[in-house]
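Participant: Okay, predicted coordinates and the sequence, questions at the end:
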Amino acid sequence: MTVSHILKTKGDEVISLQVGCTVSDVAKILGERRIGAIPIMDGDKIAGIISERDVVRGLAIRGGDVLKDDVSTLMTKSVTTCATTTTVRQLMEMMTERRIRHVPIVEGGKLVGMVTIGDVVNERLHETEQEAEALKEYIASA
């Protein structure tokens, strides 16, 4: 299975913000939309990504004043992305190795979706259930 299958199942809506927003803007959207990370866009290009972990770290270091800061002070600027053709196994390995929980999906230089570790785990569970069912059917027919 590939990332495109995950996007077909969950949808391709991506909540993003533009460069120049504040950490407060990010925190508000994270809370309202109940999401864990937001790509930060410079026009239609990904400039960075900021997660709830980044916001919490900023609060721990600087206190409430960090909420007034530009998002660029906390966001990760070197963003790990993948394509819709990336396999679920490849994506899982990438997320594990890099210790990340959110990966923007990019096709032709455009942001087309976002996948979380929860999406990947759900897909792998579904694949495992399908494999187990196929084995049961094979054994029953033998």
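Facilitator: Here it is on my side, so go on. Numbering: from 1, shown residues only.
Participant: residue nearest the centroid of the protein?
Facilitator: residue 102 (2.4 Å; CA atoms, centre = their mean).
Participant: For that residue, grab phi and psi.
Facilitator: With angles defined as degrees, to the nearest 10, residue 102 sits at phi -140, psi 130.
Participant: and residue 55, that one's in a strand?
Facilitator: No - checked against DSSP: H, G, I helix; E, B strand; the rest coil, residue 55 lies outside a strand; its state is helix.
Participant: That one contacts residue 30, correct?
Facilitator: Yes - between residue 55 and residue 30 there is a contact at 7.0 Å, judged by CB atoms under 8 Å. (C-beta placed from N, C-alpha, C; glycine too.)
Participant: Please say which of these two ends up with more neighbours.
Facilitator: residue 55 (23 against 18; other CB atoms under 10 Å).
Participant: Spit out the contact partners of the more buried one.
Facilitator: Contact partners of residue 55, counting by CB atoms under 8 Å, 6 or more residues apart in numbering, are 23, 26-27, 30, 66, 74.
Participant: I am finished for the moment; much appreciated.
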